[in-house]
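In: Let's see this in three dimensions:
(chains A and B)
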There are 2 protein chains.
Amino acid sequence: MILLDGRKTSNDLKDEIAIAVNSIKKNGGKTPHLAAIIVGSDGASKTYVASKVKACDFVGFHSTLIELDENVSEEKLLQEIEILNNNDAIDGFIVQLPLPKHIDEQKVLMLVNPDKDVDGFHPTNVGRMALDLPCFLPATPFGILELLERYKIETSGKNVVILGRSHIVGRPMSILMSQKRSAGNATVTVCHSRTKNLKEFTLQADIIIAAIGIPEFLKAEMVKEDVVIIDVGITRIKDDTKKRGYRLAGDVDFENVSKKASFITPVPGGVGPMTIAMLLKNTLLASTRKN
Amino acid sequence: MILLDGRKTSNDLKDEIAIAVNSIKKNGGKTPHLAAIIVGSDGASKTYVASKVKACDFVGFHSTLIELDENVSEEKLLQEIEILNNNDAIDGFIVQLPLPKHIDEQKVLMLVNPDKDVDGFHPTNVGRMALDLPCFLPATPFGILELLERYKIETSGKNVVILGRSHIVGRPMSILMSQKRSAGNATVTVCHSRTKNLKEFTLQADIIIAAIGIPEFLKAEMVKEDVVIIDVGITRIKDDTKKRGYRLAGDVDFENVSKKASFITPVPGGVGPMTIAMLLKNTLLASTRKN
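Out: Residues are numbered from 1 along each chain as shown, chains lettered A, B, ... in the order given. The predicted model follows:
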């Protein structure tokens, strides 16, 4: 069994991006610039945005953090987005989710200029992805493709089962892995809450991507020998033996499934660390893909 | 075995649309108006556009046909699209494909205002479909959903196998049928040219949607008893016993597969006739969905 080490891979990626940025600067090019809007003071959101800013520093990007009060009006937020859309210095930007309840999230995401939508959440980017046109891939699916490629896991003609049909993981993964592309050309089945006889599908799978948010859902008896496991789930589980009172669990019963798997992502340290690296990669793309 | 009669169903639909239009007119509303651009004089394209115009007449829509010379410049075509985009009288319009080789099809389709893109080909519509937001569904997938619904074929929790991953049929069908929707909630597998052991997938399928363009590809020994078959293929096969010298064949060996199927679409007369009806339905939606 080989661990798919997301921490190491994301560090490799960040090193590569830093080298690319350095070379752009040396040649007199524009330094990539990522902006992030955060609304309110949710702890997890703040931590996450801070790590994005830190990652920008690491690779040599400029970054701008726009912090808005929790009670900011939707109108004001939309104005801030228009400003970023029209600011040529900014290559890409993200709006940290979730937003407060008085703000229409869909309306906000729709206003982001698709050419600066480095989160890949705008319908135009989603459509371009489905049509196999140049686009920004959402960070988590992009990170999974990158992991599969870097570990040279064959996907062409393989039987891939995806657990979950969410807009940010399950759906894009199912589209991407069945396209003609590297880490693609797989026969892909999407399973979800309405699937009957789930085990019949997972037992046939060469590769399983679990993204349903139910801790330790996928058990050893549901998978075949030598399966490749990508575990996207990450849930806090109460655990009094831990100092912080909880442990993190994925959607896969790691202890037992890892004994049958040929490759498996740990949780934490698997898919998670890849997402920020892919956001950086999208920002680099945005800064170089300009018309 | 029950035939899924696309001719009858599309006629029912057109009758319903005609009633809706009549009621809109009675209440002083705007008559829906579809425009079509056709470039060149390809016989099949002309026939197809003519039947769209005829269908508009039948249901009481206004229609406008814009015929451009085969040698029209890309610039001139793009101008015509801008005129339609900006003409409030036009609710929706289509650009009949294929276009001559000197014109960039993608560039043309990208310019169509997504709010008037009743063919559902613009990336923004494709993305909105994938995100389960209000959109225009492409006509063939929309027609298949309509057939499944009208014949009350249960799809929730069913094992659906889709043969083909094209942008206009396979891909959208796979997305739509696994969403939470009527004619959805299925466990969907997308098979294609790289799929290994295809028969293992098709033999497990409750519903098979064949859209690969290989005549009579799906044989009786590849399906289980009581399977539901949707045949999207339509290919001309040389046949000297016919007056016109050919016959039309679907992707399914109808003669033998129909003996095992519970429901099956004939070719012709199955999926085909549904497409124009769905284009009309999209145009009606466009005229009533205005902001």
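
In: Surely residue A:94 is in a strand?
Out: Yes. Under DSSP: H, G, I helix; E, B strand; the rest coil, residue A:94 sits within a strand.

In: Domains in chain A, by residue range?
Out: Using automatic domain parsing, the domain parsing of chain A gives A:28-113, A:139-273.

In: what does the stretch 151-291 of chain A put close to chain B?
Out: Counting by CB under 8 Å from any CB of the partner chain, the stretch 151-291 of chain A comes close to chain B at A:156-157, A:159, A:165, A:167, A:171, A:174-175, A:178-179, A:185-192, A:194-196, A:200-201, A:204. Glycine gets a C-beta too; all of them are placed from N, C-alpha and C.

In: now with 7 Å?
Out: Within reach of chain B by CB under 7 Å from any CB of the partner chain, the stretch 151-291 of chain A has these residues: A:156-157, A:165, A:167, A:171, A:178, A:185, A:187-192, A:194-196, A:201.

In: Just the buried ones from these?
Out: Among these, those classed as buried by 16 or more other CB atoms under 10 Å in any protein chain shown are A:165, A:171, A:178, A:185, A:187-192, A:194-195, A:201.

In: Distance-wise, check residue A:7 relative to chain B.
Out: Using CB to the nearest CB, to the nearest Å, one gets 31 Å for the distance from residue A:7 to chain B.

In: The helix or strand containing that residue packs against which elements?
Out: Element membership for residue A:7, per DSSP states H and E: helix A:6-26. In terms of contacts (3 or more CB pairs under 7 Å, 6 or more residues apart in numbering or on different chains; DSSP states H and E), helix A:6-26 is packed against helix A:43-59, helix A:139-150, helix A:272-288.

In: what's the closest of those helices to residue B:215?
Out: helix A:139-150 (35.1 Å; CB to CB).

In: in chain A, which spans are strands?
Out: In chain A, the segments counted as strands under DSSP state E are A:2-3, A:33-39, A:62-68, A:92-95, A:159-163, A:187-191, A:207-210, A:228-231, A:235-238, A:246-249, A:263-264.

In: So what's the gap between the second one and the chain middle?
Out: Okay, so that is strand A:33-39. 17 Å (CA atoms, centre = their mean, to the nearest Å).

In: Report all helices and strands that it contacts.
Out: helix A:43-59, strand A:62-68, helix A:74-86, strand A:92-95.

In: Could you tell me which residues within the second one count as buried?
Out: Counting neighbours by 16+ other CB under 10 Å, one finds that the buried residues in strand A:62-68 are A:62, A:63, A:64, A:66, A:68.

In: Could you dump the residues you listed into JSON lines with pLDDT and distance to residue B:269 added?
Out: Output for those, formatted as JSON lines (pLDDT from 0 to 100; distance: CB to CB, whole Å):
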{"residue": "A:62", "pLDDT": "98", "distance to residue B:269": "61"}
{"residue": "A:63", "pLDDT": "98", "distance to residue B:269": "60"}
{"residue": "A:64", "pLDDT": "98", "distance to residue B:269": "60"}
{"residue": "A:66", "pLDDT": "97", "distance to residue B:269": "58"}
{"residue": "A:68", "pLDDT": "97", "distance to residue B:269": "58"}
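
In: Kindly report the residues of the stretch 1-150 of chain A close to chain B.
Out: Counting by CB under 7 Å from any CB, the stretch 1-150 of chain A sits next to chain B at A:123, A:124, A:125, A:126, A:127, A:128, A:130, A:131, A:133.

In: centre of the chain versus stretch A:177-185, how much separation?
Out: 18 Å.

In: Can you measure across it, start residue to end residue?
Out: 6 Å (CA to CA, to the nearest Å).

In: Now that stretch: average pLDDT?
Out: On average, the pLDDT along stretch A:177-185 is 97.

In: Point out where chain A drops to low pLDDT.
Out: Low-confidence segments of chain A (pLDDT under 70): A:290-291.

In: Let's see that with 50 instead.
Out: For chain A, the stretches with pLDDT under 50 are A:291.

In: OK, contacts around the residue nearest the centre of it?
Out: Nearest to the geometric centre of chain A sits residue A:140, at 1.6 Å (CA atoms, centre = their mean). Residue A:140 makes contact with A:168, A:169, A:232, A:271, A:275 under the criterion CB atoms under 7 Å, 6 or more residues apart in numbering or on different chains.

In: Starting from residue A:117, give me the distance back to the closest residue to the first one other than its chain neighbours.
Out: The one in question is residue A:168. Nearest residue to residue A:168, sequence neighbours excluded (CB to CB, 6 or more residues apart in numbering or on different chains): residue A:138, at 5.6 Å. Using CB to CB, to the nearest Å, residue A:138 is found at 10 Å from residue A:117.

In: got it, and residue A:31?
Out: 20 Å.

In: neighbour count winner among those two?
Out: The residue with more neighbours, out of residue A:31 and residue A:117, is residue A:117; 25 against 13, by other CB atoms under 10 Å in any protein chain shown.

In: and the more buried one, bridged to which residues?
Out: When bridges are called by DSSP bridges, residue A:117 pairs up with residue A:93.

In: swap in residue A:34?
Out: Residue A:34 has the following beta-bridge partners by DSSP bridges: residue A:63, residue A:92.

In: ok, it - contacts?
Out: Here residue A:34 is in contact with A:56, A:61, A:63, A:91, A:92, A:93, A:118, A:283 (CB under 7 Å, 6+ apart).

In: 8 Å instead, please
Out: Taking CB atoms under 8 Å, 6 or more residues apart in numbering or on different chains, we find residue A:34 in contact with A:52, A:56, A:61-64, A:90-94, A:118, A:279-280, A:283.

In: Chain B: which of those is nearest?
Out: For those, the residue nearest chain B by CB to the nearest CB is residue A:118; the value is 15.8 Å.

In: tally of neighbours for the closest one?
Out: With other CB under 10 Å as criterion, residue A:118 counts 30.

In: Identify the residues contacting the closest residue to it other than its chain neighbours.
Out: Counting by CB to CB, 6+ apart, residue A:118 lies nearest to residue A:92, which is 3.5 Å off, once chain neighbours are set aside. Shown in contact with residue A:92 (CB under 8 Å, 6+ apart): A:32, A:33, A:34, A:35, A:116, A:117, A:118, A:136, A:282, A:283, A:286, A:287.
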